[in-house]
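[1] have a look; sequence and predicted model below, questions after that.
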Amino acid sequence: MRLYLEPSVLVKLFKKEPDSTRMVDLLGAIDERRDWFACTSRWSLLEVARALKKDGKPKELIELNLRELKRHRISFIEVTRKILSDSEIVIASHSIYASDALHVATYSSVARVKRLAAMLSDDRHFKRLGEIVNVLTLSEVSSDTIRS
Amino acid sequence: MIVLGRSLEGSGAAAWSDEEPSIPYYEVYPSRLRVPKVQAVSVSAKLTRREAELLDRLTREYGFISKSEAIRSAVRLYLNLFKLRSKDRLRMLQLINELIAPSVKTSSDLVEEGHREEDEI
């Protein structure tokens, strides 16, 4: 499975909440299996850092979490001028946050080349982005798919 | 700052020779620097006053023989975490995060709050 990871699922890696174990298993599959691939925008690192800061995590723990995130087989896509101008177009035509627009533009820019199946997101973001891009939630990725 | 040097254990030149030392040495991670065969590496680190006070307390309360011993133990704990398989390491990190800063907010809420901040700016 080839996925774009939206920040709401990346933050789950550092919290104990519904589907966080599934997310750890999924990243394990990405690390260990050649038929799995994951990418995200480099901007996601900032969103994850901010979310962890808002969660009250100390500086050292945030830095450790980010280092951990970079250690895995996730490809971080640079924020280019093209992606920024595509994001502007997405914002102009849809009622979404700037960060969401950036992820939609990044996903769209690499979806074909990287043969992405979907953007992996959580339920709330799915509702907002599902109309624009192909979005999967963690609960839609079955445990069998991750383990097989 | 990292300082590499001879182990204090063993005597002088013997510590640098090819002979097996009679005193057992700790196995340490090899340095990338080109250093003659050494069995131990010394690392120095600057701590803030607050960290030094906490280290003093930790050393006393946990019965370490010295601050160096406490630091060594902490470093080994950290290195052990990084030797785990990716999935196990993430599970451990999840627990550490939850123990150090438990929170009732979900990932979704936190990311959402960040987005709202950006919009307010």
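    Now that the structure is in, tell me what you want to look at.

[2] so where's chain B uncertain?
    Applying pLDDT under 70 to chain B flags residues B:1-38, B:119-121.

[3] helix or strand right after the longest helix seen in it?
    Determined from DSSP state H, the single longest helix within chain B is helix B:67-83. Next along the chain after helix B:67-83, taking DSSP states H and E as the criterion, comes helix B:86-100.

[4] what are the buried residues along that next one?
    For helix B:86-100, a neighbour-count test (16 or more other CB atoms under 10 Å in any protein chain shown) marks B:86, B:87, B:89, B:90, B:91, B:93, B:94, B:96, B:97 as buried. Heads up, the C-betas are built off the backbone N, CA and C, glycines and all.

[5] what about chain A: which of those touch it?
    B:86, B:87, B:89, B:90, B:91, B:93, B:94, B:96, B:97 (CB under 8 Å from any CB of the partner chain).

[6] any idea which of the residues you listed is closest to chain A?
    residue B:87 (3.7 Å; CB to the nearest CB).

[7] show me where chain B has its helices.
    Under DSSP H, chain B gives helices at B:49-61, B:67-83, B:86-100, B:107-120.

[8] rewinding a little: the longest helix of chain B vs chain A: in contact?
    No. Under the criterion of CB under 8 Å from any CB, helix B:67-83 makes no contact with chain A; the nearest approach is 8.8 Å.

[9] by contact count, what packs against that helix?
    helix B:49-61, helix B:86-100 (3 or more CB pairs under 8 Å, 6 or more residues apart in numbering or on different chains; DSSP states H and E).

[10] and of those helices, who's closest to residue A:27?
    helix B:86-100 (6.5 Å; CB to CB).

[11] which strands and helices sit next to that closest one?
    helix A:20-32, helix A:59-71, helix B:67-83.

[12] in a markdown table: those, plus distance to residue B:53 and mean neighbour count.
    Output for these, formatted as a markdown table (distance: least, CB to CB, whole Å; neighbours: other CB atoms under 10 Å in any protein chain shown):
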| stretch | distance to residue B:53 | mean neighbour count |
| --- | --- | --- |
| helix A:20-32 | 35 | 20 |
| helix A:59-71 | 17 | 15 |
| helix B:67-83 | 11 | 13 |
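
[13] mind putting the helices and strands packed on helix B:67-83 in JSON lines, distance to residue A:124 included?
    As requested, the helices and strands packed on helix B:67-83 are exported to JSON lines (distance: least, CB to CB, whole Å):
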{"stretch": "helix B:49-61", "distance to residue A:124": "39"}
{"stretch": "helix B:86-100", "distance to residue A:124": "21"}
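
[14] looking at the ones you listed, spot the one closest to residue A:136.
    Between the helices and strands packed on helix B:67-83, helix B:86-100 lies closest to residue A:136; by CB to CB that is 20.2 Å.

[15] relative orientation of the closest one and helix B:67-83 in degrees?
    130 degrees (axes from the mean of the first three to the mean of the last three CA atoms, to 10 degrees).

[16] neighbouring contacts of helix B:86-100?
    Defining contact as CB atoms under 8 Å, 6 or more residues apart in numbering or on different chains, one finds that helix B:86-100 is touched by A:13-16, A:20-21, A:24-25, A:27-28, A:31-32, A:52, A:57-58, A:61, A:64-65, A:68, A:71-72, B:81-82, B:84.

[17] for chain A, which segments count as helices?
    Going by DSSP H, chain A shows helices at A:7-11, A:20-32, A:43-54, A:59-71, A:81-93, A:98-110, A:123-129, A:143-147.
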